[in-house]
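> Predicted model and sequence follow; I will ask about them next.
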Amino acid sequence: MSEGASAIAATAGGSLLPLAILVPAAGVLVSFLLGGRRAERIALGLMPVHFGVAAAIASLVWRSGEPLVYVLGGYFPPLGIALRADGFSAVMLVTASLIIPAAGLYARANFSTPRGAAERRGPLVVWTLLQAVQAALSLVFLGGDLFNLYVALELLTFAAVPLVCLDGRPETLAAALRYLMFALFGALFYLLGAALLFGAYGTLDIVLLSQRIRAEPAVWLAAGLMTAGLLAKTALFPLHLWLPPAHANAPAAASAVLSGLVVKGSFFLIVRLWFNVLPALPTAVPAAVLAALGSAAILAGSALALRQERLKLMIAYSTVAQIGYLFLMFPLASGPWAAEAFSGGVMQALSHAFAKAAMFLSAGLIAESLGHDQIAGLGGAGRAMPVTFLALGLGGLSLMGLPPSGGFAAKWLLMKASIEAGQWLWAVVMLAGGLLAGGYLYRALAPALSGQRAQLKSTPRRSREGVALALALAAVLLAFAPPAFFAFLQIGRPAASVALR
Amino acid sequence: MTSATLAGLIGAALVGLGLYGVIVDPQPLRKILAFNLIGSGVFLVFGIVARKGAAAGLQSDPVPQAMVITGIVVAFAASALAIALTLRLFEEAGRATLRSDAGANPPGDGADLE
């Protein structure tokens, strides 16, 4: 276990890691002090800085070929706390630092404070919380200590829940409250599991734990509790009930961040837990349970999406389905196809983040221009606002898994791995999910592209359409990721121990 | 029965009671109270974990105690946020229950936020 020793010593360039958390966190504090008028400029000014830090971290991980490590305050684990960045955390960090500014640029039209106008509460809350989501996500992606990650998860929840009820309508407040209830349930289960692990091994550092863990009852109980808690936060079927009303009723910019990124935060921790903390356990049964739940999510989420009358609710239910695909990587995580399955799962997280953000932003533009988002009333809207519908359609390409799109690359890798592993069932579910996704997207796009004349209340701004289209194009471009990108994703994956089993 | 076992059983009972309340009761305030029960149970488990450190020659392991204090702060913030949401829901809707599913209205997209 020479890897363990090197993973605890701090590495050169590790001091970038706290910077990725501190930049948005400082932005939150300063925005809160200076008020809504300046918060917008602070948030939009610091987001490129955060992207720079994230890109620098990714390039350092790439050049060294090993995870970056930073030890906070010079106190080494088990007493101190380490921050770590491997390939997966670096790409997620870069993705978050691209999607949040995109949502911010889109949100300017609704949440700016013009010169001379009185300050309102809405803009202050939006610009502060977007930065708070960014800070919390950075901590989730970089945290190397399970208790520290608990705090990160809670920060993420506290930043995400108020975004749901920004407009203060009763149904959004109820959706936010229900979201908070599920999230608190998840956090407490996670914390109870962490307490059991600490009781058994005296540390919560991920690397140290992975060296000490044995298959004992306390570990199984802790793993079950933590996974159940994280599943509630990730909204995996059947714990998805909170997601559609919360994501569909939030303002479009917030929906894009919630659906694209926030649910990926807790998914990231499930991957961390099973791949980095518990690789020593025989995981065939729990992995099969996770994939079975994922399959149920794909089928049930897609079927429910087919029945929705509102565009945003349809997109929200499709998130429930797309989350299901993420869990198909778990039963394929050991064997010669493990690297493919891992790349497929990560690719699905990335492509869904970009595609879903693009689709929610497009749906927001459609709702503002038509004054409603009833699918039945979309007749001819595609001709009136072609760029918006192009973004919606390109995002949909990724959801269906048609080439060329990141979603195709993800589903292709997962399907290849499942066929190589002889686990055909998952491949059948993926094909069925793709067909169902084609069905619900057709329901929305076919009337929009018909020859009817649509009555627009207002035409969408070019810049906002551009933001949605850029995100959709990013999801498409992921299909052209070179082999080096997949090698990058493998950096820090504890492959040896998985393959040995 | 040692005091640690007793404390462990009480922690488990608190988590169980709280879980029952969270799942069964549709009133947000009762759910929030139930969450605090679960939290107390979890913190009690952390307390026993701290006592285990005493076997290693320490008076009591300070790390889980620090975790409990952090956990209490987080739980307090969560309760405050939940109560603020519940109060606002009561003001807007005249009732505060999570029983019925609302969500069929068109989105306002936050533009009409005061």
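Here it is on my side, so go on.
> going forward, measure contacts between C-alpha atoms and count neighbours the same way
Fine.
> which element is the closest residue to A:G401 other than its chain neighbours on?
Nearest residue to A:G401, sequence neighbours excluded (Cα to Cα, 6 or more residues apart in numbering or on different chains): A:F408, at 3.9 Å. Following DSSP states H and E, one finds A:F408 within helix A:406-420.
> tell me what that helix is packed against?
Counting contacts by 3 or more Cα pairs under 8 Å, 6 or more residues apart in numbering or on different chains; DSSP states H and E, helix A:406-420 packs against helix A:338-370, helix A:386-400, helix A:424-448, helix A:462-477.
> how close does the residue sitting nearest the centre point of chain B get to B:A82?
In chain B, the C-alpha nearest the mean C-alpha coordinate belongs to B:F35, at 3.1 Å (Cα atoms, centre = their mean). The spacing between B:F35 and B:A82, counted by Cα to Cα, to the nearest Å, is 11 Å.
> picking that back up, what does the pLDDT read for the residue nearest to the centre of chain B?
B:F35 is assigned a pLDDT of 93 by the prediction.
> Wait, a strand at it?
No - membership of B:F35 in a strand is not supported by DSSP: H, G, I helix; E, B strand; the rest coil, which gives helix.
> Could you check the pLDDT of the closest residue to A:Q455 other than its chain neighbours?
Closest residue to A:Q455 apart from its sequence neighbours, by Cα to Cα, 6+ apart: A:L370 at 7.0 Å. Looking at A:L370, its pLDDT is 88.
> Which strand or helix spans A:A136?
Judged by DSSP H and E, A:A136 forms part of helix A:121-142.
> Show me which positions of that helix end up buried.
A:122-142 (16 or more other Cα atoms under 10 Å in any protein chain shown).
> cool, stretch B:83-99 as well?
Buried positions in stretch B:83-99, judged by neighbour count with 16+ other Cα under 10 Å: B:83, B:85-90, B:96-98.
> Next: stretch A:470-490.
Using 16+ other Cα under 10 Å as the test for burial, stretch A:470-490 gives A:470-476, A:478-479, A:486, A:488-490.
> Turn the residues you listed into TSV, including distance to A:I366 and pLDDT.
TSV is the format used below for those (distance: Cα to Cα, whole Å; pLDDT from 0 to 100):
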residue	distance to A:I366	pLDDT
A:A470	17	94
A:L471	16	94
A:A472	16	94
A:L473	19	94
A:A474	21	93
A:A475	20	93
A:V476	21	93
A:L478	26	90
A:A479	27	89
A:F486	36	87
A:F488	38	87
A:L489	36	88
A:Q490	39	87
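> how close does A:R120 sit to chain B?
The spacing between A:R120 and chain B, counted by Cα to the nearest Cα, to the nearest Å, is 6 Å.
> What does the pLDDT read for that residue?
81.
> A:R214 now?
For A:R214, pLDDT reads 87.
> Where do the helices of chain B begin and end?
Taking DSSP state H to define them, one finds helices in chain B at B:3-24, B:28-55, B:62-93.
> So what's the gap between the shortest one and the chain middle?
The reference is to helix B:3-24. Relative to the chain's own centre, helix B:3-24 is displaced by 12 Å; criterion: Cα atoms, centre = their mean, to the nearest Å.
> Likewise for stretch A:481-491?
Relative to the chain's own centre, stretch A:481-491 is displaced by 19 Å; criterion: Cα atoms, centre = their mean.
> what sits up against it?
Contacts with stretch A:481-491, where a contact means Cα atoms under 8 Å, 6 or more residues apart in numbering or on different chains, come from A:61-62, A:65-67, A:86-88, A:91, A:339, A:342-343, A:346.
> Kindly report the same for stretch B:43-50.
A:192, A:195-196, A:198-199, B:4, B:7-8, B:11, B:60-65, B:67-68, B:71.
> Please repeat the previous calculation with a cut-off of 7 Å.
A:195, A:199, B:4, B:7-8, B:11, B:60-62, B:64-65, B:68 (Cα atoms under 7 Å, 6 or more residues apart in numbering or on different chains).
> Just checking stretch A:458-473 against chain B, any contact.
No - using Cα under 7 Å from any Cα of the partner chain, we find that stretch A:458-473 stays clear of chain B, coming within 13.8 Å at best.
> Could you give me the buried positions within that stretch?
So for stretch A:458-473, counting by 16+ other Cα under 10 Å, buried means A:460, A:464-473.
> Looking at those residues, which is nearest A:G434?
Taking Cα to Cα as the measure, A:G434 lies nearest A:A472 of the buried residues of stretch A:458-473, at 18.0 Å.
> Touching, that closest one and A:A358? I think so.
Yes - in this structure A:A472 lies within contact range of A:A358 using Cα atoms under 7 Å: 5.3 Å.
> Mutual contacts of the two, please.
Contacts common to A:A472 and A:A358, judged by Cα under 7 Å, 6+ apart, are A:391, A:395.
> any chance of the buried residues of stretch A:458-473 in TSV, with distance to A:G27 too?
Below are those laid out as TSV (distance: Cα to Cα, whole Å):
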residue	distance to A:G27
A:P460	30
A:R464	24
A:E465	27
A:G466	26
A:V467	23
A:A468	25
A:L469	28
A:A470	25
A:L471	24
A:A472	28
A:L473	29
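> Could you list the low-pLDDT ranges of the stretch 1-150 of chain A?
Residues of the stretch 1-150 of chain A meeting the criterion pLDDT under 70: A:1-9.
> Helix, strand, or coil at the residue of it found nearest chain B?
Residue of the stretch 1-150 of chain A nearest chain B, by Cα to the nearest Cα: A:N110 (5.3 Å). Following three-state DSSP, the label given to A:N110 is helix.
> which of the contacts of stretch B:43-50 count as buried?
Of the contacts of stretch B:43-50, these count as buried by 16+ other Cα under 10 Å: A:195, A:199, B:4, B:7-8, B:11, B:60-61, B:64-65, B:68.
> Of those residues, just say which sits nearest to A:A444.
The closest of those to A:A444 turns out to be A:A195 (Cα to Cα; 47.4 Å).
> I believe that closest one is in a helix; please confirm or correct that.
Yes - under three-state DSSP, A:A195 falls within a helix.
> Tell me, how many residues neighbour the nearest residue to it once chain neighbours are set aside?
Leaving aside its chain neighbours, A:A195 sits nearest to B:F46 (5.7 Å; criterion: Cα to Cα, 6+ apart). A count of nearby residues for B:F46, using other Cα atoms under 10 Å in any protein chain shown, gives 27.
> Contact residues of the stretch 201-350 of chain A facing chain B?
Looking at chain B, the residues of the stretch 201-350 of chain A close enough under Cα under 7 Å from any Cα are A:245, A:249-252.
> Between those residues, which sits nearest chain B?
The closest of these, once distances to chain B are taken by Cα to the nearest Cα, is A:P251, at 4.2 Å.
> Kindly provide the distance from that closest one to A:G364.
From A:P251 to A:G364 the distance is 7 Å (Cα to Cα).
> quick one: low-confidence parts of chain B?
Using pLDDT under 70, chain B drops low at B:52-59, B:99-114.
> same thing but at 80, please
By pLDDT under 80, the low-scoring segments of chain B are B:1-4, B:50-61, B:95-114.
> For A:A253, give me its contacts.
A:A253 neighbours (Cα under 7 Å, 6+ apart): A:103, A:106-107, A:361.
> Which members of the residues you listed additionally contact chain B?
Okay, of the contacts of A:A253, nothing touches chain B (Cα under 7 Å from any Cα).
> who wins for most neighbours among the residues you listed?
Counting by other Cα under 10 Å, top hit in those: A:L361 with 32 neighbours.
> Surely it touches A:A254?
No - applying Cα under 7 Å as the test, A:L361 and A:A254 come out as separate, 9.2 Å apart.
> wait, is A:A200 part of a strand?
No - judged by three-state DSSP, A:A200 forms no part of a strand; its state is helix.
> Can you classify the residue of chain A positioned farthest from its centre as helix, strand or coil?
Relative to the centre of chain A, the most outlying C-alpha is that of A:G116, 37.8 Å out, by Cα atoms, centre = their mean. Here A:G116 takes the coil state, with states given by three-state DSSP.
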